[in-house]
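Student: fold the following.
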Amino acid sequence: MDPDVALRLFEEGATLVLLGVPQGTELGIDCKSWQVGPRFRGIKMIPPGLHFLHYSAGNPSQSRGEIFLKTGFFLSLRPREILLAKWDPKEEDLDFSASKNQEEVGRIQASLQELDPYLGPYPYDMMRKWVSLTNHLSKELVQNLQPLSGRISSYCDIIPEVEFRHTEDRAQHPRNDTACTSMKEGLERLPRMKQREGTELRFSAIPKKTYPPGATPAQITQCSLDLSYALETVLKNYGPQPHHILGELQFAFVCFLVANVYEGFEHWKGLLALLCRSEEAMVKQKELYLELIAVLYHQLGEIPTDFFVDIVSQDNFLTATLQDFFQFARGSSVDGTLRKRAEKFKGHLTKKFAWDFDMDMDDCAPVVVDLPEEFTLE
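Tutor: Okay, here's the model as predicted:
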């Protein structure tokens, strides 16, 4: 990097000072991660805006097969902002409460030049990728979607629905010192669990019923084939900004791709099915669907070509969903620009994944086809 550019980034970029992070911890920002070394004290030259800090306690290189759970959270950083966090060994987590101590932050700021050799630079080679995956996300939207705790975890923090703190409470619970006579009895003996309050991702609810109240059989059939009514129900949550659904699609994808949250993958699938199977909405919401193609282009570019073969194609979700999308996009009522963009996108996916979206999807899984010429989105 040019020295003048590096100096300007150092002076204008935000800085994360992360003290006490154990050596060997896997820590990253946005789409890049590293193993923490003995000199690590934080990350410098971070461009202002929205970022995702994530880490896994423990040393994967010495784990002997042990799985380390990942934790992360979004940060909205201002130019020249300094955030200070200290590692809490008991909780195995970063504690940012030190950032509220202005005196301590002031000391860090005054000694930033001395701290510089211990700060790793932001991975600018990954910045374009990160922006393309989050360009519809905003600080406000993230705050509405993330858990109230602010932490996004790859594990589900569950606790018993009823805590038996007293002897008389436990006495009323089925005893576990006798053998179960059936599977049902065994399941009934297990404590009922719930997710700890404040740790839940707050995704939009996708309607289970895709038709309006009092719908006739004909309307139910129509709304089952064209999910536009259900989509409009979700879009109402965003008021005058329906494009925020694309931000939620990106949020769910980042939670899955970076934070390893399976719930994010499931919600991404649900939103994608809703968007791709809404023929009437595709006619009315041209700009939304043009942006959807761009969002999917970048998202699917981050996934290995064999990923969907191994996982999604078990029920053929993605190919079936996108086949419906491309079929609707060919409709005569759909805007011409959207039709052409959808056709180019279909050609790109056919080349990347070797799928034929024009075949009967009930016949078999995705198959190898003749590849089209090179595809560019622009």
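Student: where does the stretch 251-378 of the chain have low pLDDT?
Tutor: Residue ranges of the stretch 251-378 of the chain with pLDDT under 70: 305-316, 359-378.
Student: scratch that, the stretch 1-150 of the chain
Tutor: Using pLDDT under 70, the flagged stretches of the stretch 1-150 of the chain are 1-2, 5-6, 58-68.
Student: would you map the helices across it?
Tutor: Secondary structure of the stretch 1-150 of the chain (DSSP state H, counting those that start in this stretch): helices located at 3-12, 102-110, 112-115, 127-134, 139-145.
Student: quick one: which of those is nearest Leu75?
Tutor: helix 139-145 (9.4 Å; CB to CB). All C-beta spots, glycine's among them, are computed from the backbone N, C-alpha and C.
Student: verify the contact between Leu50 and Ser138 for me.
Tutor: Yes: applying CB atoms under 8 Å, one finds Leu50 in contact with Ser138, separated by 7.4 Å.
Student: for those two, work out which one has more neighbours and name it.
Tutor: More crowded of Leu50 and Ser138, by other CB atoms under 10 Å: Leu50, with 18 against 15.
Student: look up the residues forming beta bridges with that one.
Tutor: Ser76 (DSSP bridges).
Student: in CSV: the helices of the stretch 1-150 of the chain, plus mean neighbour count.
Tutor: As requested, those are arranged in CSV below (neighbours: other CB atoms under 10 Å):
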stretch, mean neighbour count
helix 3-12, 12
helix 102-110, 12
helix 112-115, 12
helix 127-134, 18
helix 139-145, 16
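Student: would you list those helices in TSV and tack on distance to Cys156?
Tutor: Below are those laid out as TSV (distance: least, CB to CB, whole Å):
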stretch	distance to Cys156
helix 3-12	38
helix 102-110	34
helix 112-115	37
helix 127-134	24
helix 139-145	17
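Student: which parts of the longest helix that the chain contains are buried?
Tutor: For the chain, the helix with the greatest residue count under DSSP state H is helix 336-353. Within helix 336-353, the residues scored as buried using 16 or more other CB atoms under 10 Å are 338-339, 341-342, 344-351, 353.
Student: residue contacts, Lys44?
Tutor: Phe10, Gly13, Thr15, Leu16, Asp116, Leu119, Gly120, Pro121, Tyr122 (CB atoms under 8 Å, 6 or more residues apart in numbering).
Student: for the third one, give me its contacts.
Tutor: Thr15 sits next to Gly42, Ile43, Lys44, Met45, Ile46, Glu81, Ile82, Leu83, Leu112, Leu119 when contact means CB under 8 Å, 6+ apart.
Student: against Phe10, how distant is the fourth one?
Tutor: Translated: Met45. With distances taken as CB to CB, to the nearest Å, Met45 is found 5 Å from Phe10.
Student: repeat for the third one
Tutor: Lys44 is 6 Å from Phe10, where distance means CB to CB.
Student: which neighbours do the two share?
Tutor: With CB under 8 Å, 6+ apart as the test, Lys44 and Phe10 both reach Asp116.
Student: how many neighbours does Ala205 have?
Tutor: 10.
Student: what do you get for Glu92?
Tutor: 16.
Student: and for Gln222?
Tutor: Gln222, neighbours per other CB under 10 Å, totals 16.
Student: residue contacts, it?
Tutor: So Gln222 contacts nothing (CB under 8 Å, 6+ apart).
Student: on the three-state scheme, it is what?
Tutor: helix (DSSP: H, G, I helix; E, B strand; the rest coil).
Student: mind checking how far it is from Lys209?
Tutor: For Gln222, the distance to Lys209 - CB to CB - is 14 Å.
Student: how about Gly336?
Tutor: 34 Å.
Student: quick one: the helices in the stretch 151-300 of the chain, in order.
Tutor: 167-171, 183-189, 217-225, 228-235, 244-257, 262-276, 279-284, 286-300.
Student: now those helices in a markdown table, with distance to Thr199?
Tutor: Shown next, in a markdown table, are the helices of the stretch 151-300 of the chain (distance: least, CB to CB, whole Å):
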| stretch | distance to Thr199 |
| --- | --- |
| helix 167-171 | 25 |
| helix 183-189 | 25 |
| helix 217-225 | 34 |
| helix 228-235 | 23 |
| helix 244-257 | 13 |
| helix 262-276 | 11 |
| helix 279-284 | 33 |
| helix 286-300 | 25 |
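Student: tell me which of those is the most buried.
Tutor: Using mean count of other CB atoms under 10 Å, the stretch among those with the greatest mean number of neighbours is helix 244-257 (a mean of 23).
Student: how distant is that one from the center of its chain?
Tutor: 5 Å (CA atoms, centre = their mean, to the nearest Å).
Student: measure stretch 129-146 end to end?
Tutor: 22 Å (CA to CA, to the nearest Å).
Student: how's the protein carved up into domains?
Tutor: 3-129, 158-195 (automatic domain parsing).
Student: how far does the first one stretch from one end to the other?
Tutor: Yep, that's domain 3-129 we're talking about. 24 Å.
Student: same check on stretch 273-285?
Tutor: 16 Å.
Student: begin at 456, not 1, for the rest of this chat.
Tutor: Okay, using 456 as the starting number, the last item reads as stretch 728-740.
Student: hang on, the earlier thing: wait, which of the helices of the stretch 456-605 of the chain is closest to Gln478?
Tutor: Closest among the helices of the stretch 456-605 of the chain, using CB to CB: helix 567-570, at 17.8 Å.
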